[in-house]
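A.B. asks: requesting a structural model of the entry that follows:
(chains A and B)
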Amino acid sequence: MIRFGRVVASTAAAAMMAAGLTTSFSVAPTEASAASNGGIATFAEQPGAPPNYIFPFVNGQYGTNNNQSQLMPLMWLPLYWIGHPTSSAVTVDYKLSLANKPVFSNGDKTITVTLKHYVWSTGAPVTSRDLVFWMNLLVNVKTQYDGYAAGSWTDHVTSFTDPSPNTFVLNLSQAYNPTYLMYNGLATIVALPQQAWDKTSGSSPVGTYDETAAGAKQVWTYMNTRSLALATWATTPLWQVVDGPWHLQPKTGFQVTGQVILVPNKSYSGPNKPKLSELEELPFTSATSEYDALRAGTVDYGYVPYTDASSIGSLKAQGYSIKPWYLWGFSDITINYSQPKYGALTRQLYIREAMDMLVDQPKYIKVFFHGYGAPDYGPTPILPKSPFLNPAQTKSPYPYSPSKAKKLLERHGWSVPAGGGAATCKKAGSGAGECGAGIKAGTHLTLTLLYSSGFPFLNDAIQVMRSTFQKAGIQLALSSAPYNTVVGDGFACIGATPAKCSPSSPAMTLYSSPVFTLSPDAYPDSDNTFGCGAGTNGGNYCNNKIQKMIETLAGQPTPASKKTLFKYEVQLAKQVPGIWFPSGVWQISAVSSKLSGVKGQDPTTKIYPTTWTLSS
Amino acid sequence: MLRFLGARIAQAAAVVLLVTFFVFAVLHFLPGSPARAMLGIKASPGAIRAFNVVNGFNRPLPVQYALYLDRLFHGNLGFSYHFNLPVSSLLAMDLPKTGLLVGIAYALSLLVAIPIGIVQAVRRGNPVDHTITTIAFVGYAMPSFWLGILLIMLFSVQFHVLPPEGPQGASIGAVLNDPRALVLPVLTLTVITVALFSRFMRSATIETLLQDYIRTARAKGMSTSHMVWRHVLRNSLLPVVTLIGLSFPYVISGAVVVEALFNYPGMGWSFWSAAQVQDYPVLLGFTVVVAAATVAGNLLADVAYAFLDPRVRYGRR
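C.D. replies: Residues are numbered from 1 along each chain as shown, chains lettered A, B, ... in the order given. Take a look at the predicted model:
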């Protein structure tokens, strides 16, 4: 008999059993802070996206939700808070803001802000000097700031002062629509503790370096370097100076794996003081691992991957409540108007109208998104509801109708094969009933569409879309690639003319769903996406009428701008600059029955753990 | 032997260098750009240009490669713009964790697979052999993510006796502080690896059992257990040693599926995440380490071979 093998194998098995099965598992305990006994709530971070930047003056590379929405605002308050803890309204919450409503004067070129009484965790008051500190960094290091766009309000700042500790005055060279400036400007300003952060190195004393251009750059460089030293976040005293309701637990508050432990700021002077003793933001390598943790009951506030949406019933049976979290953003299939081979086709409005008629958004939401999504018929999101949405934009300007789409093409000189397939242009020319400028007779109506792989619900929707397009006479040549590649290819021709755009670039691109988030610039004019030559206008869409509206929107006073915004939404929707596509929810949230106080989900993805309580 | 080792080390260095060149070239010819991947859809062309300048991507490729080699020879593996950590720090964090997970799994696999393989070989053709073969094939054919999910469903969701995630600590000490959390990921890897090793062991043992000296030993009345322990085991381990050497890179590179499933960020998961956003410093740095591990593994296998089989002597002609 061979005994040694049995001995070894049984010893190994016994060791594993002994190590693993002594008692039921539990979440590894952490040291709770001393103060309240409100319990420890766990919140799941998005998979593969742990926080990686902590300095609130965020540059584009780090302007992601994990940093800007779910870490920084809990510790450093923006001047004006957009979003609410108990609803999904995308409006300013003055109760949570650092300042009272701003006063516009001098033809809307002077903005006076009065700060409320807030204190830093050091005991020093939050003053207008802290806002001046921010502005000094902004004007001197603007290219490093996530919210900066050339020609935006930042480029029109003439001066900013702090005539008194609680008064901040901003002067601009041109007037801006107050609502536009609030959402895209004032709400993005964050008070920074000048009395602790105005340094150029670890050993330098706190000074007023920010008051010179060179000094401001040095301050930014130092703070950026500290922010990039992830391993030191929890041990660096810098990041313990906060005015928000939370701060990192000293020494153990952050692990480079992405786990964040926040404890209440005892000096917090604002409303809604934390009731929890600790908030843990948990990192996950994949949505699957998060979902497993959710089902095992180790996550209080998590999410259900779309691929597991059909098993939501079992989570509900466990006591979780399911809440779709709509994002403040919209989706479309981006069209590359500079594509040398297909541009002539996509520049025809009737072809874009026909394509829009072939996307059955409500059906896609029901079947592929499992009901967790919202249609997009224009630049302003339909869900969550907002005062910015023109009721006329809640309906598609071109309702789903494959037969109408086919007839539209035929009316413009295309011949659609009997069983479907690429239509052929029979009447070249740019007159009525003809195919359009730049389209020769015999041209086949074929377009390439590149979409991101790795999203099963998108893939299914695209396959159905191809079939519908085919029947109406538009042949889609599909290809998929990883998200990063699709983004790269989709923006490859930005700013290029057809002569300089590669013929192999895709005619259309679908990055994901939702595609464009309105953050940090929350005003839904989408100037960056649809403005001529704008920084995010990857397809080079340009319409003079639309451009004039965009320019007007930024400068008009509020009552007039609402009318212009409504008109702009409908006009842009009808222009179909990109094929409107449904937006999936940001996440299908699952909230444990132990966790109360999650009344609303902020579409800008901020969280409100100050309102959460745990029951035992 | 020393001359042999010296030559092999020089060869290994050349291989690693060649690998860096190849990987560098492939990475930079892939579609997409790290700038757009990192800065996102809303990045302006100016921001993209600035990113490329800061990270040196605006320079000609040969210059970029030369600069990379210069940093490499000075021990600088670069800075990950995705993880915001020096690549060496990321390695220092991930490598021990992955080594621990996969190393334990491989060690357990060997402890189980070697005796199983021997038992199967000695009893080949009988029901015990067939049963173990069936189980081994089932284990080998099972996708790791499927097995992992099954184990989580059973032990974490259904019975709540084991955590669904691996240890969450960033350091090896923190990982070892939570041994229960290691059970499921280790078990997942072990089940699949046992199948592979046991089949190799079985084949190698059968071949050894057919040798003349084994027949002689039997004829002289040696007991089976004595014969296996004294004569069969060592000779049967030779192919397995080669397999272990070839598996060494996997210990270093990690098991990305298991790491993703059990929320255990290690080498595999970090590499995969970096690949999503074309984080070149991480991809290159990890490749250098894995390439070095591969050549080291092969070298160790060759040295072990010489130890196990006295007929094998390197460096002599």
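A.B. asks: with adjacent residues omitted, what lies nearest to A:Val126?
C.D. replies: A:Tyr118 (4.1 Å; C-beta to C-beta, 6 or more residues apart in numbering or on different chains). Bear in mind the C-beta positions are built from the backbone N, C-alpha and C, glycine included.
A.B. asks: was I right about that neighbour contacting A:Asp243?
C.D. replies: Yes. Using C-beta atoms under 8 Å, A:Tyr118 makes contact with A:Asp243 at a distance of 5.2 Å.
A.B. asks: which bits of the stretch 501-616 of chain A sit near chain B?
C.D. replies: A:Tyr511, A:Val515, A:Phe516, A:Asn528, A:Gly535, A:Thr536, A:Gly538 (C-beta under 8 Å from any C-beta of the partner chain).
A.B. asks: the stretch 1-150 of chain B: strands as residue ranges?
C.D. replies: With strands called from DSSP state E, counting those that start in this stretch, the stretch 1-150 of chain B shows them at B:79-80, B:85-86.
A.B. asks: put the alpha carbons of stretch A:469-483 into CSV.
C.D. replies: What follows is stretch A:469-483, C-alpha atoms only, in CSV (Å, rounded to 0.1, in the frame of the first residue of the first chain):
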residue,chain,number,x,y,z
PHE,A,469,-31.3,48.8,-40.8
GLN,A,470,-30.8,46.1,-43.4
LYS,A,471,-34.5,45.7,-44.0
ALA,A,472,-34.9,49.4,-44.6
GLY,A,473,-32.0,49.6,-47.1
ILE,A,474,-29.0,50.6,-44.9
GLN,A,475,-26.3,48.1,-44.6
LEU,A,476,-24.3,48.4,-41.4
ALA,A,477,-20.8,46.8,-41.5
LEU,A,478,-20.2,46.1,-37.8
SER,A,479,-17.0,45.8,-35.9
SER,A,480,-16.2,45.8,-32.2
ALA,A,481,-13.1,46.6,-30.2
PRO,A,482,-12.2,47.3,-26.6
TYR,A,483,-13.6,50.6,-25.3
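A.B. asks: what average pLDDT does it get?
C.D. replies: Model confidence over stretch A:469-483, given as mean pLDDT, is 95.
A.B. asks: cool, stretch B:65-78 as well?
C.D. replies: Averaging pLDDT along stretch B:65-78 yields 90.
A.B. asks: repeat that for stretch A:42-59.
C.D. replies: 91.
A.B. asks: find the centremost residue of the chain, please.
C.D. replies: Defaulting to chain A. Chain A has A:Thr517 as the residue nearest its centroid, 3.8 Å off, counting by C-alpha atoms, centre = their mean.
A.B. asks: think we crossed wires, I meant chain B
C.D. replies: Short answer for chain B (C-alpha atoms, centre = their mean): B:Tyr250, at 1.0 Å.
A.B. asks: if you drop the residues flanking it in sequence, what lies closest to that one?
C.D. replies: Closest to B:Tyr250 by C-beta to C-beta, 6+ apart is B:Val102, at 6.4 Å.
A.B. asks: count of residues packed around the one you found?
C.D. replies: Neighbours of B:Val102 under the rule other C-beta atoms under 10 Å in any protein chain shown: 27.
A.B. asks: was I right about it contacting B:Ala255?
C.D. replies: Yes. B:Val102 is in contact with B:Ala255 according to C-beta under 8 Å; the separation is 6.1 Å.
A.B. asks: any residues in contact with both of those two?
C.D. replies: B:Leu189 (C-beta atoms under 8 Å, 6 or more residues apart in numbering or on different chains).
A.B. asks: before we move on, back to that, distance of the residue nearest to B:Tyr250 relative to chain A?
C.D. replies: 16 Å (C-beta to the nearest C-beta, to the nearest Å).
A.B. asks: all helices of the stretch 301-450 of chain A, in order?
C.D. replies: All helices of the stretch 301-450 of chain A, identified by DSSP state H, counting those that start in this stretch, fall at A:312-317, A:343-346, A:349-357, A:361-367, A:402-411.
A.B. asks: next, A:Tyr148: secondary structure please.
C.D. replies: coil (DSSP: H, G, I helix; E, B strand; the rest coil).
A.B. asks: chain A contacts on the stretch 101-250 of chain B?
C.D. replies: B:108, B:111-112, B:114-116, B:118-119, B:122, B:145, B:149, B:152, B:156-157, B:160-165, B:167-170, B:178-183, B:186-187, B:224-225, B:228-229.
A.B. asks: among those residues, which are in helices?
C.D. replies: The helices, defined by DSSP state H, take in B:108, B:111-112, B:114-116, B:118-119, B:122, B:145, B:149, B:152, B:180-183, B:186-187, B:224-225 from these.
A.B. asks: quick revisit: I figured the residue nearest to the centre of chain A hits A:Trp328, correct?
C.D. replies: Yes. With contacts counted by C-beta under 8 Å, A:Thr517 reaches A:Trp328, the gap being 6.6 Å.
A.B. asks: on that earlier part again, what sits against the residue nearest to A:Val126?
C.D. replies: A:Leu77, A:Leu98, A:Pro125, A:Val126, A:Ala191, A:Asp243, A:Ser269, A:Gly270 are the contacts of A:Tyr118 under C-beta under 8 Å, 6+ apart.
A.B. asks: list buried members of the residues you listed by neighbour count.
C.D. replies: Among the contacts of A:Tyr118, those buried by neighbour count (16 or more other C-beta atoms under 10 Å in any protein chain shown) are A:Leu77, A:Leu98, A:Pro125, A:Val126, A:Ala191, A:Asp243, A:Gly270.
A.B. asks: which of the residues of the stretch 501-616 of chain A next to chain B sits closest to chain B?
C.D. replies: Proximity of these to chain B (C-beta to the nearest C-beta) peaks at A:Gly535, which lies at 3.3 Å.
A.B. asks: okay, now the closest residue to the closest one other than its chain neighbours: neighbour count?
C.D. replies: Distances taken as C-beta to C-beta, 6+ apart place B:Ser44 nearest to A:Gly535, at 3.3 Å, with adjacent residues excluded. Residue crowding around B:Ser44 was assessed by other C-beta under 10 Å; the count is 20.
A.B. asks: report the contact partners of B:Ser44.
C.D. replies: A:Ala149, A:Ala150, A:Gly535, A:Thr536.
A.B. asks: which pair of these spans the longest distance?
C.D. replies: A:Ala150 and A:Thr536 (12.3 Å; C-beta to C-beta).
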